[in-house]
Structure formats: C-alpha cells, structure tokens
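Q: Make a model of this:
(one chain, ligands or ions: 2)
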Amino acid sequence: MAESYVLTNARLAPVEHEAGYSMPGAIVVDSGMIAFAGPDDETPQQYQGAPRRSLGGRVVTPGLIDCHTHLVYHGSRAREFEMRLTGATYEEIMRAGGGIFSTVEATRAASNEALLSGALSRVDRMIGEGVTTIEIKSGYGLDVETELRMLRTARAIETHRPVRIRTTFLGAHAFPKQMSADEYLTQICLPALDAAADEGLVDAVDGFCENIAFSAAQIERVFEHAAKRGLPVKLHAEQLSDQGGAKLAARFQGLSADHLEFLSDEGVSAMAEAGTVAVLLPGAFYMLKETRKPPVERLRAAGVPMALATDCNPGSSPMTSILLAMNMGATLFGLSPQECLEGVTSNAAKALGLPDAGQIKAGMRADLAIWDVDDPAELTYRIGDAPLHERIFGGVAC
Ligand code: NIG
Ligand code: FE
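A: Residues are numbered from 1 along each chain as shown. Ligands and ions are numbered 1, 2, ... in the order given. Reported below is the predicted structural model:
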C-alpha cells in the first residue's frame, strides 16, 4: 500500500470545534502516523498528489482504547452470578473463597494455549467494535509463575492480532488464604513484580485497595516498589468502600484511579491536583447492582479527566463491549456522549500514559475507527449495535 494517503469527506470526532465536538475534514496518513487532520482545503501541499479516498461523510474517531481489562483469565463465574441474583454479595462470595479465588484456581490450571485462545476471542469482539489499544492486567495468578504467564499471554496477543497491548501488573489483587496480606506482598507479590519488570512485561502497576483485599498502607508498599523500578501506578480504588485509595494513587502521581463509586471530596481534589484520570467502570457498577454512583459532577467540576472502560473480567464485569460501556456511562453515570467518546479515546490514552494515541491530530499513530454513522452521538446512543465500517491500525486497514 502507498506510504501516504488522504482520507477525505470524513467527520472527525472528538475535536474542539465551535459547532460541537465533530467537524468535516480530511486526514493524511503517512508511514503509519497521522501527518495532518483538518479542513480538506488546508491539506499540506506535499500530499496533494497522494491517493485520496472519500469516506462519504462517515464519522472517524481515534481507534478506541479499552484502558482497564482483566481479559486474560480462564473459567466462568456464571454460578456466582446466579448466587448474587438470589442475594449473595460480591464480598460474601470472595470471603467464602470464591470470586477472584475461583478464577485464580482456573487460571493456574489452564495451559498457555487455553489462556491465549480465551483472550483472543475476547480481543476479537473488541476489535469488532473499533478498539485498537487494550490494557490487560495480571492478578489471577497470585504466584510468580502464573502472574508471569498472564503477562506473557497478554503481550503475545500483539503477535496474533493487529492491536496494541499495554500490560499492568496486578499482583496485589487478592492474597491466598494461607498467608497474611503483608506476607504475600513480601514473599510473592513484590518478587513477582521484580521478575515481571526484569522481563520487560510491565507498563504499569495496579492494586485492589479494599477491605476484602489490600489496605492503603499495604498498597503503599507496592507503589514504593513500583517507584523504585521507575514504573507508573494506577489503582482499583473506592469501589466498595472509601479506603483513601484515590488519594494514595494521586500522591504517587498515579496515571489513574479506577471505579471510584465511594470517592470522597478529598479524593477528587487530590486527583485533580495530580492529574490522575478517573476511570469509570459502569459494567461492574451494573453487574454488582451497585446503587452508589461515582461523583461525576464533582469530578467534572474539578477538571479531573474521565475515562470509561469495560473492566472485562469473569466476575464483576463479564463484558467485552466498549460501546456498551459508553452507553452505560451516559445512562447510568450521566456523562454526555462527548464525554463518553473522550472517555474511550483521549482520556483513556492519558490513563495509560500514551502520548501518541487517542486523538486525531498530526503526530499521533494512525489508529482510527471509521463508522457507518454521520453523528458521533450514535456511538453512545445505540445498544447492541457496532456500526464499525473499517478499522485502521498503524495506517493499515484491518
Ligand atoms: O475490577 N475489583 C477488583 N477487580 C476486578 C474484579 C475481579 C474479579 O471479580 O474477578 C474489578 O472489578
Ligand atoms: Fe478491574
């Protein structure tokens, strides 16, 4: 294919524009990067002779970014879902040895091939919705070898599919019953983090700060270790109770704090000051029948960037649809369609510390999604419909 080409007659979104958050224009792709995006008649002279393709007025967005998933796992938790439907809570099931622990057992027992093929089937559904970047966490191993296998499996996805993967070490997700949280951190989690980082498998470090998992003081140990290794942090914070996790993540200049249903005003201010992104996960909120919502109005007023993600995992959010996460972000949390789109593009890129993704502008990777719609609000509005026309990954249609 040509080194450079021009996509014309497109509707670019999301963009800053006086008439809304989309505008008609053209995109020049050169060597896998966006060289220009803007009004067609301003296309740089040097690309006047490049091949041109009209998109017929279709909406073009950055390739969507799912910035919080646990999609490498094995087994199903459908039985627990049934238990929750008849009154058991997520916490009760986990305290009884189910929940995350049942997925740990299944994941440890799974072969590398089974882990990869399960992950690829979920990745394929995401690709079918215009996703070009996916964050994947470990955290269903809770032993050194399985944590490493999860991260290696996540990274291997890039060699099987045209998608960009960012891996997050989530050893501090739960701790085995036979030891205390601190023993687990000392004996398993921190050595696993070192082994994973030595192997170059870690883009960021995460934890589960919750009364059924790790305290803020214990997560601080993990963050200090991450800082020593020069790795950025993010945190599952304030999902089921207020543990001061968001404030802790902000203190470590965290990329993001995620869930946040129980976030305090203090947490909001700390995140605003540190530039920590609020990653909202409406799939988990919905699935756990949570009634307390993240403080969207306060986050918005404080200028905290908000992202949306699937939280794809077998327990609290068995969901692969980023478009459904957008719809839920609007209907359940009150985000506007523009905020929902920014939540899976520019703000999701910020939550991953990616400077070259999530926006349609010169200098970004040419990861794009072309949609069979003429209004970007359609992406948030529709349910169960992925109007993807074409996906472009690194400049190549696929
Ligand atoms: O993001 N909250 C902790 N971790 C996941 C759920 C993991 C699980 O239940 O398997 C979450 O909701
Ligand atoms: Fe999660």
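
Q: tally of neighbours for the residue in the stretch 51-200 of the chain positioned nearest to ligand 1?
A: Proximity of the stretch 51-200 of the chain to ligand 1 (Cβ to the nearest ligand atom) peaks at Ile100, 4.6 Å away. Just so you know, the C-beta spots here come from the backbone N, C-alpha and C atoms, and that holds for glycine as well. When neighbours are counted by other Cβ atoms under 10 Å, Ile100 registers 25.

Q: ok, now how distant is the closest residue to ligand 1 within the stretch 251-398 of the chain from Ala78?
A: Nearest residue of the stretch 251-398 of the chain to ligand 1: Gly315, at 2.5 Å (Cβ to the nearest ligand atom). According to Cβ to Cβ, to the nearest Å, Gly315 stands 11 Å off from Ala78.

Q: now do Val277
A: Counting by Cβ to Cβ, the gap from Val277 to Ala78 is 32 Å.

Q: same check, this time on Ile93
A: 13 Å.

Q: Which one's more surrounded, those two?
A: Neighbour comparison, Ile93 and Ala78: the larger count goes to Ile93, with 22 against 9 (by other Cβ under 10 Å).

Q: my guess is that one contacts Thr86, does it?
A: No. Between Ile93 and Thr86 there is no contact under Cβ atoms under 8 Å: 11.7 Å.

Q: which SS class is the residue of the stretch 251-398 of the chain closest to ligand 1?
A: coil (DSSP: H, G, I helix; E, B strand; the rest coil).

Q: Now for Phe285: which residues touch it?
A: Going by Cβ atoms under 8 Å, 6 or more residues apart in numbering, Phe285 touches 261, 293-294, 328, 332-333.

Q: Next: Met328.
A: 282-283, 285-286.

Q: Spell out which parts of the stretch 1-150 of the chain neighbour ligand 1.
A: Residues of the stretch 1-150 of the chain lying close to ligand 1 by Cβ under 6 Å from any ligand atom are 70, 99-100, 103.

Q: elements contacting the helix or strand of the chain with the lowest mean pLDDT?
A: When each helix and strand of the chain is scored by mean pLDDT, DSSP states H and E, helix 90-95 comes last, with a mean of 94. Contacts defined by 3 or more Cβ pairs under 8 Å, 6 or more residues apart in numbering; DSSP states H and E place helix 90-95 against helix 78-85.

Q: any weak-confidence spans in this structure?
A: Flagging of the chain using pLDDT under 70 yields the residue ranges 1-2.

Q: Could you break it into its assigned domains?
A: Split into domains by the TED database, the chain comes to 5-62+359-397, 64-352.

Q: Contact partners for Met271?
A: So Met271 contacts 246, 249-250, 257, 277-278, 299, 302, 304 (Cβ under 8 Å, 6+ apart).

Q: Next: Thr103.
A: Shown in contact with Thr103 (Cβ under 8 Å, 6+ apart): 73-75, 77, 140, 313-315.

Q: From those residues, list the buried ones, please.
A: 73-75, 77, 140, 313-315 (16 or more other Cβ atoms under 10 Å).

Q: For the residues you listed, work out which two are farthest apart.
A: His74 and Gly315 (12.9 Å; Cβ to Cβ).

Q: what does the stretch 151-300 of the chain put close to ligand 1?
A: Counting by Cβ under 6 Å from any ligand atom, the residues of the stretch 151-300 of the chain that sit close to ligand 1 are 208, 236, 239, 284.
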